[in-house]
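Engineer: No sequence on hand, only this structure:
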């Protein structure tokens, strides 16, 4: 397919995992891809797989970083058609163990970074009639044990999507999100490498396994494409059926 030929796509958190998988999918479909992250070495490795990809090492949780990303994209390609807000961190802790620095870092990158990137790209997205795709999480749709800051940040992302989608009649910009469950990424390595814990996850997911990053990246590409032109304000679970359950355990 060639759905993104001539389109400019910014992807944050593109150095690994879901962001890297989405970047490769967009590249395969003809996009001009801008890879964003804090570690240039990781971004350069992903860029090797995507002809013409641009790399911008910056922190999406800072105004200076966001300005560098948007200005660099406009300088390189002249516009923005799709923004994929994917950058994220997770610092597991219960209430009594949640330190202020960890709380601030999680909210700054996962939620404030989404706001800063979207606001900075917004005039260019309005001009192009583009769209935004966020990476939220099933953790933004319900709570987890010991993931207080992460749950708060992803819940914020999900409702940010819904609120911003209401402006589509004025802006012409669609806004959607994917909500993955357990996915085989660097951030989830502690989960998938723990046989006991991963076994519990597999019991809850009807498809019986975690997602591969490419399976989430493919859905991001769908939401960004013309195929989803009447999809707006959706938090789309990419969870193997996890959210189909009411929480009761299997009977047999």
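Structural biologist: Okay, I see it. This structure is a prediction, so every number in the text was calculated from the model and none was measured.

Engineer: hmm, who's touching the lengthiest helix in the chain?
Structural biologist: If you go by DSSP state H, the chain has its longest helix at helix 148-165. Contact with helix 148-165 is made by 85, 88, 90-95, 98, 102-103, 106-107, 110-111, 114-115, 118, 132, 134-137, 139-141, 143-144, 174-177, 179, 232-235, as judged by CB atoms under 8 Å, 6 or more residues apart in numbering. In this view, the C-beta of every residue, glycine as well, is placed from N, C-alpha and C.

Engineer: Name only those of those that count as buried.
Structural biologist: With burial judged by 16 or more other CB atoms under 10 Å, the buried subset of the contacts of helix 148-165 is 85, 88, 90-93, 98, 102-103, 106-107, 110-111, 114-115, 118, 132, 134-137, 139-141, 174-177, 179, 232, 234-235.

Engineer: List the buried residues in the least confident helix or strand in the chain by mean pLDDT.
Structural biologist: Across the helices and strands of the chain, mean confidence by mean pLDDT, DSSP states H and E is lowest for helix 189-192: a mean of 72. For helix 189-192, burial by neighbour count (16+ other CB under 10 Å) applies to 191-192.

Engineer: Show me the contact partners of that helix.
Structural biologist: By CB under 8 Å, 6+ apart, the list of residues contacting helix 189-192 reads 182, 184, 197-198, 201, 210.

Engineer: redo that, cut-off 6 Å
Structural biologist: 184, 197-198, 210 (CB atoms under 6 Å, 6 or more residues apart in numbering).

Engineer: Among the buried ones among the contacts of helix 148-165, which lie within strands?
Structural biologist: Applying DSSP state E to those, the entries found in strands are 85, 132, 134-135, 174-177, 179, 235.

Engineer: where's the nearest residue to residue 16 once chain neighbours are set aside relative to residue 193, distance?
Structural biologist: Among residues not flanking residue 16 along the chain, residue 186 sits closest, at 5.2 Å (CB to CB, 6 or more residues apart in numbering). Distance of residue 186 to residue 193, given as CB to CB, to the nearest Å: 11 Å.

Engineer: same check, this time on residue 123
Structural biologist: 43 Å.

Engineer: What sits closest to residue 15 if chain neighbours are left out?
Structural biologist: Nearest one to residue 15, counting by CB to CB, 6+ apart, is residue 42 at 3.1 Å.

Engineer: I meant to write residue 66 there.
Structural biologist: residue 116 (4.5 Å).

Engineer: what sits against residue 19?
Structural biologist: 11, 13, 86.

Engineer: What distance do you get for the second one to residue 54?
Structural biologist: In this view, residue 13 and residue 54 are 16 Å apart by CB to CB.

Engineer: more neighbours, these two?
Structural biologist: Set residue 13 next to residue 54 and count neighbours by other CB atoms under 10 Å: residue 13 wins out with 27 against 19.

Engineer: Give me the neighbour count for the closest residue to that one other than its chain neighbours.
Structural biologist: Spatial nearest neighbour of residue 13, excluding adjacent residues (CB to CB, 6+ apart): residue 87 at 3.5 Å. By the measure other CB under 10 Å, the count of residues near residue 87 is 23.

Engineer: so what pLDDT did residue 87 get?
Structural biologist: pLDDT, residue 87: 97.

Engineer: got it, and residue 252?
Structural biologist: Reading off the model, residue 252 has pLDDT 66.
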